Each structure stands twice: as C-alpha cells, then as structure tokens.
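In: Pasting the sequence and the predicted model now:
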Amino acid sequence: MNYKMGGMNYSFADSIQDLRTSEIRDLMSLAARPDVISFAGGMPNNHYFPLDEVDRIMAELPLDMKQKAFQYGPTPGLPFLIDAVKDYLGSKGLPVDENEILITTGSLQAINIIAKAFVDPGDVIITENPCFIGAISAFRSYRADIRPVEMDEEGIIPDKLEQAIDEAGDRLKFIYLTPFFHNPAGTLYSQDRKQYIMDLVKNRNIVLLEDDAYGELWFDEDAKKRVKPMKAILGDDSKVCYVGSFSKIFGPGMRLGWMLVPRGIYQKCELIKQSMDACSPSFTQVLAHQFVTSGKLYDYIDDVRKKYRQSRDIMVDSLKRYMPEEIEWQIPQGGFYIWFKMPGDIDATEVLKPCLNAGAVFVIGKTFDPDGVKNNCFRLSYSNAPVDKIDEGIRIIADNIRAFL
Ligand SMILES: Cc1ncc(COP(=O)(O)O)c(C=O)c1O
C-alpha cells in the first residue's frame, strides 16, 4: 500500500489498510468547548478516582516495592499481582487453578493479543452489533473478517448467531461477546441467553472471548445475580478466553487488565506480549497489588456502584420526562451506557450537529457498527457527565430529536 505524504512516499503494511479514522473525530473536536455537556466519553468519572488511597499506598510503600515499581517486570505480570488477581477472580468462581493469568496493558491489549494469536487475514470473528470500538480496531488490525450479529434486549440473537457460525465454516476463529453492561448497548445478558451461548460453544467446540470490563458495576440485586461469567459457570473444560480490567474499578490510567485463558492459549499469548511491550507497567502493578490485597478495592467498588447508579437514575428520570416515545431505549442495570434507537430514517449524525450547537454531545451509532452503516442509533454515557448538568443535556438532545420526527 503506497501513500504520498508531504512529498514522501511511504509503503505502509496491508494490515493497517482497514484502520480508519471516523468523521466523528472532526465533529468531536467541537465538543471540547467547555460549555458543551458531554455524554460521549465512555470513561470513569474524574472525581471518583481513589486518589487519597493511592497517596496512602505511595507513602507507605516499602523500599523494595518502590524499586520493583521502577524496574522491568516479568512478561506475565509481577507474581504478587498475579496472585492477588487470582484470588479476586477465584472469588467470582472463575477456574483460576485450571487456567493461566496474564497481566496485560489494559484489557484492550488482552483482546489484541488473543486476536493476534488466532487470526490470519480473512479469518472470521463474530461480534455483537453494536460492538466495542476498541475491539473492532484490534480485530481490523489483523485483517479479520468481522461478522457482526444483531442483539436484542437479552443479548446476541441466537438464530442469527447460528447462521453466522454456519456461514463462517472453518474460517471462524472465535466469538467476541460483552455480556455484562455492554458497551455501547448497556445490555446485561439474560440467564437463558447465557445458557444458550454456553451450550452452543460447548457443543460446537467454539472459542469464546468473554469481555467483562463492567461486570462489577451492577446496580441492583437482580443484576448482581446475572453477572457471573460464563467461564465461571462452564468451569475448567471450556475454551473460553476471559478478559477483564482495573480500568473501571481503579482507573484506566493504570493501563492494567488481564486474561484468564487455557494453558495452551496462554503460552502463545505470553510470547506475543513479550514482543509487544515486554511487560505491563510495574509502577501501577505495585499500586494495584496494594489496592487489592488491602481490601480497599472492594470498598471502592461498592462506593462507585452507588455513584454511577445515582447518575443513571438522574439520566433515566430526565429521559422519561423529555425523550419522545418514538425513541427506543432501556434502563441499564449497571455499567456506563444507554443505547437509543431512533426510527430507521433518522440519521444520528444529522441529529448530533444541532445538539452540538445547542451544547450537548453523544456518540453516533455507526461508530460501533463493524460495517460502519447503521446510524439511526446513538450512545449516551452517564458515567463522566457532571451530575448537575445531566437534565439540561438530555433536554437539549430530546428537543433536537423531536425536530426530526
Ligand atoms: C467493552 C470494553 N472492553 C474493554 C475495554 C478496554 O478497557 P481497558 O483497555 O482500559 O482495560 C473497554 C474500554 O472502554 C470496554 O468498553
């Protein structure tokens, strides 16, 4: 692939051919205006990070741990953090003794490594539609043939999934699912749908990549019962690759995640990670270890659950007040997101423009569609919006949508 850039001729790799920037970036540059209320960013709230706790950890760190924090570490992760993550995942019922843990630089790296381990150009990965944008980019970078499958309120739709599996044949490498408070759909998989997926991957011997970035952030008892990972239910004999992260339960700036995978897959992934970055940041691994083993992690999760639930409640109240009834959406039982479906002929990009001018911003649906087509949907995130601005922002968006109906 040849490009001319500033008079130079670069011959870039075919593998980056499918990576594209989106028009949304240009629009979003406007969203940086300080008066704009942003429901766009899918990130934790700046005001909720456990800063005091990190100060305390830093102040009390023994000398040898400080030195470890500054040093390179082993590729799989610092052994004491692996043990701490093992206990943490074990407490969720995950089969930690029968699998291996690899500490990664965010769970996006775990997703990336697993894709690299499995995918040759043209191989098929089945995803949900919509799908987490980071995973779409990672899969594209290995030139995967991404086959998105529609979701309903219970999760990925079974007969469409089976059709996609049949069509993929032996080019199918794995299915990628985010069953707990999906990004962007907000969906929490029903027990029935989880059971269906588990039966399917077992009977048809399919690798499943289970992404559990938000599972801790449940808001009610019903949701709490439903966030048990499929890998935990299936136990040790499954081909499930489970990935998770400290990003939503400590801070994304830590850049720490993990994969829990069968030994055979782990061995390949460790080699891949070695070639990527040798090790994840020792500094934040040391912090995370202290945060988990002191038990503060659990107090912190309890605290942010309540705060995000409060933001969800405020947004839902405003939506009930202002959003036209033609717009479909569901109350999320956890996580950061609400997904909206407008009548088919309304283009979310066209709605976004007047919203931006009026001072509120969201992410348009096609950003999350691997085919980049479907655009009558959009995502609002309540996680990082100022609580006292949510109502005003929702009113702006609802008013502007009404003009398109
Ligand atoms: C569904 C999902 N998976 C994975 C990630 C990656 O998170 P990180 O790399 O920060 O662990 C995100 C981040 O927003 C996400 O939404």
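Out: That came through, no problem. Residues are numbered from 1 along each chain as shown.
In: mind checking how far residue 344 is from the ligand?
Out: Distance of residue 344 to the ligand, given as CB to the nearest ligand atom, to the nearest Å: 26 Å. Backbone N, C-alpha and C define where each C-beta goes, glycine included.
In: Would you check how far apart the closest residue in space to that residue that isn't next to it in sequence and the ligand are?
Out: Once flanking residues are discounted, residue 344 sits nearest to residue 376: 5.3 Å by CB to CB, 6 or more residues apart in numbering. Residue 376 is 22 Å from the ligand, where distance means CB to the nearest ligand atom.
In: Check residue 284 too.
Out: From residue 284 to the ligand the distance is 12 Å (CB to the nearest ligand atom).
In: which residues in the stretch 201-350 of the chain form helices?
Out: 221-226, 230-234, 263-277, 282-293, 296-322, 348-358 (DSSP state H, counting those that start in this stretch).
In: Just put those helices in CSV and tack on mean pLDDT and distance to residue 98.
Out: Listed next are the helices of the stretch 201-350 of the chain as CSV, based on pLDDT from 0 to 100; distance: least, CB to CB, whole Å:
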stretch, mean pLDDT, distance to residue 98
helix 221-226, 96, 24
helix 230-234, 96, 10
helix 263-277, 97, 8
helix 282-293, 98, 22
helix 296-322, 98, 24
helix 348-358, 95, 44
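In: what's the closest of those to residue 252?
Out: helix 282-293 (10.6 Å; CB to CB).
In: Okay, buried residues for that closest one please.
Out: 282, 284-292 (16 or more other CB atoms under 10 Å).
In: Contacts for that helix, please.
Out: Applying CB atoms under 8 Å, 6 or more residues apart in numbering, the contact partners of helix 282-293 are 50, 53-54, 57-58, 61, 65-66, 68-73, 77-78, 80-81, 84-85, 87-88, 103, 246, 250, 253-256, 297, 300.
In: Could I have the CA atoms of that helix written out in CSV?
Out: Extracted C-alpha coordinates of helix 282-293, given in CSV (Å, rounded to 0.1, in the frame of the first residue of the first chain):
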residue,chain,number,x,y,z
SER,A,282,5.4,-2.3,37.1
PHE,A,283,4.5,1.0,38.8
THR,A,284,0.8,0.5,38.5
GLN,A,285,1.1,-3.2,39.1
VAL,A,286,2.6,-2.4,42.5
LEU,A,287,-0.2,0.1,43.3
ALA,A,288,-2.9,-2.4,42.1
HIS,A,289,-1.4,-5.1,44.3
GLN,A,290,-1.7,-3.0,47.4
PHE,A,291,-5.1,-1.8,46.4
VAL,A,292,-6.5,-5.3,46.1
THR,A,293,-4.7,-7.0,49.0
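In: starting at the chain centroid, how far to that helix?
Out: Once both centres are worked out by CA atoms, centre = their mean, to the nearest Å, helix 282-293 turns out to sit 22 Å from its chain's centre.
In: any idea of the angle it forms with helix 296-322?
Out: 90 degrees (axes from the mean of the first three to the mean of the last three CA atoms, to 10 degrees).
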